[in-house]
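Student: Could you look at this predicted model? Sequence included:
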Amino acid sequence: MHRWPAVLLCAVMALPALAADLVLDDFDSGVEAWKSDMAYGKVTKTTSSSDAGKSGDALRVDFVHEDGATNHLMFSRPLELDLSAYETVSFDIKGIGERAEIFVFFYDSAGQFSNYGPHGTNGDFHTAYADWHRLTVNLQTDRTVQGRGANLGDVAKIGFFVWSMGPRKGTVWFDNLTASPAEPRMSLGAETISPNADGVCDATDIVLTGPPGSSVSLQVLGPDGALVDQPLADSPTPGCSRPVRWDGRKNGASLPAGIYTLRALFGDPEEELREEVRVVSRDPWPPIRYETEPFFPIGVWFEGAPSMSGCPSDPAGAKGYFDLCFADMRTHGFNAAAVPNCPTHLWETLLQSAGEHGIRICLEIGPLAALVSGAETPTEEEVLATARPIVERLSKYPALLRYQIRDEPPAAMIPNWIMVQRVLAALDPKHPSFSCFCQPDSLAVMVESTVVSETVFDVYPFRGSTPEQTLGGFVPTFDLFKGGVQGKPMWAVLQSFGVPNRVSWRYPTPEELRATTYLSLSEGAKGIFYFIYQYMPKYLHGLVEVKDDALEPRPLYAPTTKLASELGKLAPLMLSLRPADETVQAKGSVRVGHFRDGLGKRVLIVASTDPGKDVSARVSVAGETVWRNAITGETVTAQDGVIELTLAGGNGAVLVGQ
């Protein structure tokens with residue numbers, strides 16, 4: 001049974017079998033239900049009022065964003081609504097003043113949300129419309145930007161989100177918020193498939209969209225027009241869409257190569273839609289078997305565009321900039337860098353400089369990231385044609401560590417990610433594909449779907465509002481990521497940055513940074529990166545600022561390089577560790593990781609969970625009596641099976657049984 005807001009009940013009752021649009025809010029009454037429930041950053045004025053709309057009144061929002069960093073402002077209203085039977089949500093908008101970006105949010109009763117805006121598939125979501133303009137989000141096909149998937153059958157709140165990355169002042173009006181039922185449509189994932197059971201484009205995912213309650217049949221016609229298969233026969237469409245997978249096979253065998261027609265027949269009144277799928281015959285891609293050497297990255301995220309630091313972007317000028325930075329990294333204990341945004345013409349310059357200074361590079365490859373990010377599924381031939389010249393160009397450089405093929409891909413992009421990964425692995429098994437993940441669910445999908453050399457994720461818990469000398473949500477967030485790793489090696493990307501005036505994110509304290517580092521090691525991390533190396537005054541405050549062809553350390557630089565030095569001592573040991581079977585119990589504000597090294601010795605990694613003060617820990621461990629601190633070389637003795645330690649705020653200890 002559909003659930004609607006009480007104020008809309010009369011409008012819903014008048015709808016003939018959902019054939020017309022559903023008016024969610026026309027703002028002609030009840031505009032006071034919209035409240036500002038999020039004002040983040042330097043937002044000094046937010047108002048909402050009933051004002052002249054396209055027809056009648058509208059929701060008016062005045063906004064003043066003052067800083068040169070992230071500003072968030074949301075107006076939302078609670079409701080109870082089932083949108084599962086609707087395909088699109090639309091609204092009218094106009095604005096005056098400076099342009100800000102617009103997102104629309106849907107929250108379910110469990111607090112999960114889906115959000116759609118200009119960073120996804122709706123680039124026109126902004127306020128810069130002097131006259132009324134209609135904006136639409138497709139709930140079935142548009143990708144949510146950062147949300148983890150609200151249950152659209154259980155919507156509890158809708159919100160409009162005004163966002164900017166700098167000083168903005170203006171007014172925006174919203175009117176006529178409506179939902180529209182689905183029209184018959186058939187959409188395909190891959191348009192070319194090779195059903196050879198290698199896990200790459202073996203099938204195409206079909207979404208059949210139709211009016212709620214209708215039935216649909218799906219037939220497959222061969223190149224000669226004859227019926228080959230019927231995956232669906234008069235099947236109901238739950239909500240408004242029905243997913244189907246067609247694998248190009250019949251009775252377990254691949255169909256002959258050729259062009260096949262998918263014929264969808266929707267019910268009363270009958271409507272027919274057709275799409276073509278090309279079936280090709282090709283040899284399977286080989287299983288992924290990476291040929292990598294043991295390596296513990298002690299790295300930084302490095303902005304690859306020299307212009308962001310005010311440096312030249314020609315090869316000669318960029319070489320001087322890269323040399324300056326990479327020499328500094330190596331001198332201070334770093335051995336790796338993840339590099340986004342490096343201009344294509346500077347790839348070789350960057351890798352040459354990094355090689356000269358002993359820095360290994362995870363290099364973002366823009367053309368491959370575009371294939372992963374595209375709304376359409378690329379063919380294997382397209383990926384191969386793009387990847388082959390890149391591999392021929394870059395694989396010869398000793399500094400290359402990984403191909404970064406898309407930063408933070410959402411779960412919907414994982415099939416494209418795997419295709420690019422699979423092609424690269426066949427062309428160059430010495431340099432695996434690399435992506436950092438910001439959502440545990442996307443990471444879990446990737447790990448479950450393919451073979452990876454390591455899992456990489458970022459945890460940035462220190463918001464502007466996070467009290468100092470605490471860990472924010474670091475521990476539970478790390479636990480969520482670790483749950484998706486499924487025993488694969490982990491590389492952790494840790495926060496070592498802030499943004500101007502502490503809005504959205506602030507610098508961690510040295511003790512907070514130390515705590516997140518040792519907590520990561522206690523969970524078995526096989527590599528640590530710090531985000532970010534450069535200090536860019538308008539955008540991100542990192543570790544080092546370039547001034548007059550020299551590097552000026554920022555406040556967190558010394559604590560980070562001290563950690564890099566400690567990690568350098570620990571790296572060989574960390575690479576050898578595997579989880580131990582024996583149980584270890586600890587009391588106090590600590591976490592303890594229990595491992596065995598390559599020689600079978602027991603290793604305890606004790607990490608403080610309280611950056612704000614010294615903590616006392618009691619670790620109960622049977623067996624070894626004498627333990628050596630891997631950093632200081634000092635020995636610790638267990639008395640009656642208990643090790644007693646005092647750790648300074650945020651500190652950790654790595655103990656090896658003797």
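Tutor: Okay, I see it. Predicted, not measured: the structure shown is a model, and the values here were computed from it.
Student: got the contact list for residue 194?
Tutor: 200, 201, 202, 248, 279, 280, 281, 282, 380 (CB atoms under 8 Å, 6 or more residues apart in numbering). No exception for glycine: its C-beta is placed from N, CA and C like everyone else's.
Student: likewise residue 494?
Tutor: Residue 494 sits next to 458, 459, 513, 516, 517, 520, 528, 529, 530, 531 when contact means CB under 8 Å, 6+ apart.
Student: Can you report how many residues lie near residue 377?
Tutor: Number of residues near residue 377 (other CB atoms under 10 Å) recorded here: 19.
Student: Please name the residues that touch it.
Tutor: 189, 190, 191, 201, 415, 416, 419.
Student: 6 Å instead?
Tutor: 189, 190 (CB atoms under 6 Å, 6 or more residues apart in numbering).
Student: What separation do you get for it and residue 516?
Tutor: 37 Å (CB to CB, to the nearest Å).
Student: Mind checking what helix or strand follows the helix or strand in which residue 180 is found in sequence?
Tutor: Using DSSP states H and E, residue 180 falls within strand 168-181. Heading C-terminal from strand 168-181, the first helix or strand you meet, by DSSP H and E, is strand 185-188.
Student: May I have that next one as CSV, with CA atoms only?
Tutor: Provided in CSV are the C-alpha atoms of strand 185-188 (Å, rounded to 0.1, in the frame of the first residue of the first chain):
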residue,chain,number,x,y,z
ARG,A,185,11.5,1.7,-21.7
MET,A,186,14.3,-0.8,-22.1
SER,A,187,17.9,0.0,-21.1
LEU,A,188,21.0,-2.1,-21.6
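Student: Find the residue closest to residue 514 in space, skipping its chain neighbours.
Tutor: residue 650 (4.2 Å; CB to CB, 6 or more residues apart in numbering).
Student: ditto for residue 116
Tutor: Closest to residue 116 by CB to CB, 6+ apart is residue 137, at 4.3 Å.
Student: Would you check that the residue nearest to residue 514 makes contact with residue 511?
Tutor: Yes: with contact defined as CB atoms under 6 Å, residue 650 and residue 511 form a contacting pair (3.6 Å).
Student: So between the two, which is more surrounded?
Tutor: residue 650 (29 against 20).
Student: Give me the phi and psi for the more buried one.
Tutor: With angles defined as degrees, to the nearest 10, residue 650 sits at phi 80, psi 0.
Student: With just CA atoms, put stretch 437-452 into CSV.
Tutor: Presented in CSV, the C-alpha positions along stretch 437-452 are these (Å, rounded to 0.1, in the frame of the first residue of the first chain):
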residue,chain,number,x,y,z
PHE,A,437,37.5,3.7,-1.8
CYS,A,438,35.5,6.1,0.4
GLN,A,439,32.4,3.8,0.8
PRO,A,440,32.7,0.4,2.5
ASP,A,441,29.9,-1.1,0.4
SER,A,442,31.7,-0.2,-2.9
LEU,A,443,34.9,-1.7,-1.6
ALA,A,444,33.1,-4.9,-0.6
VAL,A,445,31.5,-5.3,-4.1
MET,A,446,34.9,-4.9,-5.7
VAL,A,447,36.6,-7.4,-3.4
GLU,A,448,33.8,-9.9,-3.9
SER,A,449,33.9,-9.5,-7.7
THR,A,450,37.5,-9.7,-8.7
VAL,A,451,41.1,-10.5,-7.6
VAL,A,452,42.9,-7.5,-6.2
